[in-house]
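>>> Any chance you can model this:
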Amino acid sequence: VTMKTTVGDIELELWAKETPKTCRNFIQLCVEGYYHDLIFHTQGGDPTDTGEGGKIYGEPFKDEFRTRIRSCGRVRFRLRSCGRCLIAMANAGEDNNGSQFFVTLGSQLDLQNTHSTFGYVTEETIYDMLELEEALVDENDKPLYAPKMIKAELLNNPFSNIIPRIIVQESEEVKDRNKVKIIYVCSIYPR
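All right, here's what the predicted structure looks like:
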């Protein structure tokens, strides 16, 4: 996956074999354009800005922890730990994953076995990721000049059956249950 951001491209390698449910969720949301045009610093994935985010499974999904060691070039990661530039699901507690994710900027031992790590930032694009860390923030740690993820492009899909879902919103105008509900199709293709 390549995240096109206002500070440059950030390339991600996902561990679909080791964390299939987490990667399927992330890739499905990428294909649907869910992450397009939203604020992204070291955490992102909630276009609603409510902390709720979205999910493809209808409800939050379980954490995926593995003890397997994964080699990425010269670096070896233990999938249970959070080292520098790893991608992990942000959550509100155990087995409560949705659409939000974050990228670690250093070793985060306190996050070990609490967040599903599902990939890493590759090669030179680490420097663009680190530039996001330098964003000026206000007293509430919100960026003053919010960097954005313009879009997420899928370069290699390990799941052949992922296609954009039809996303519908119900109209608020329905007052009588006997009336037909009006639905609006927001998108069947990525933005």
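>>> From I150, how far out is E134?
19 Å (Cβ to Cβ, to the nearest Å). C-beta here means a position set from N, CA and C on the backbone, and glycine is covered the same way.
>>> brain fart, C85
With distances taken as Cβ to Cβ, C85 is found 20 Å from I150.
>>> Show me which of the two is the more surrounded one.
Using other Cβ atoms under 10 Å as the criterion, C85 and I150 rank with C85 on top: 22 against 15.
>>> That one contacts I126, correct?
Yes. Assessed by Cβ atoms under 8 Å, C85 is found in contact with I126 at 5.2 Å.
>>> Which elements pack onto the helix or strand hosting C30?
Under the criterion of DSSP states H and E, C30 resides in helix 20-31. Applying 3 or more Cβ pairs under 8 Å, 6 or more residues apart in numbering; DSSP states H and E, one finds that helix 20-31 makes contact with strand 8-14, strand 97-103, strand 117-121.
>>> Run the angle between the second one and strand 8-14 for me.
What it means is strand 97-103. Here strand 97-103 points in a direction 120 degrees away from that of strand 8-14 (axes from the mean of the first three to the mean of the last three Cα atoms, to 10 degrees).
>>> tell me the angle strand 97-103 makes with strand 117-121.
Between strand 97-103 and strand 117-121, the angle comes out at 40 degrees (the same axes, to 10 degrees).
>>> now the helices: where do they sit in this structure?
All helices of the chain, identified by DSSP state H, fall at 20-31, 126-133.
>>> hey, least reliable of these by pLDDT?
Here the helices of the chain differ in mean pLDDT, and the lowest is helix 126-133 at a mean of 79.
>>> picking that back up, I'd like the helices of the chain written out as CSV, with distance to N156 and mean neighbour count added.
Formatted as CSV, those follow (distance: least, Cβ to Cβ, whole Å; neighbours: other Cβ atoms under 10 Å):
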stretch, distance to N156, mean neighbour count
helix 20-31, 10, 21
helix 126-133, 19, 17
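>>> Redo those as CSV? Include distance to S107.
CSV is the format used below for these (distance: least, Cβ to Cβ, whole Å):
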stretch, distance to S107
helix 20-31, 21
helix 126-133, 15
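>>> Out of those helices, the one nearest G98 is which?
helix 20-31 (8.0 Å; Cβ to Cβ).
>>> between the closest one and strand 97-103, how big is the angle?
Here helix 20-31 points in a direction 80 degrees away from that of strand 97-103 (the same axes, to 10 degrees).
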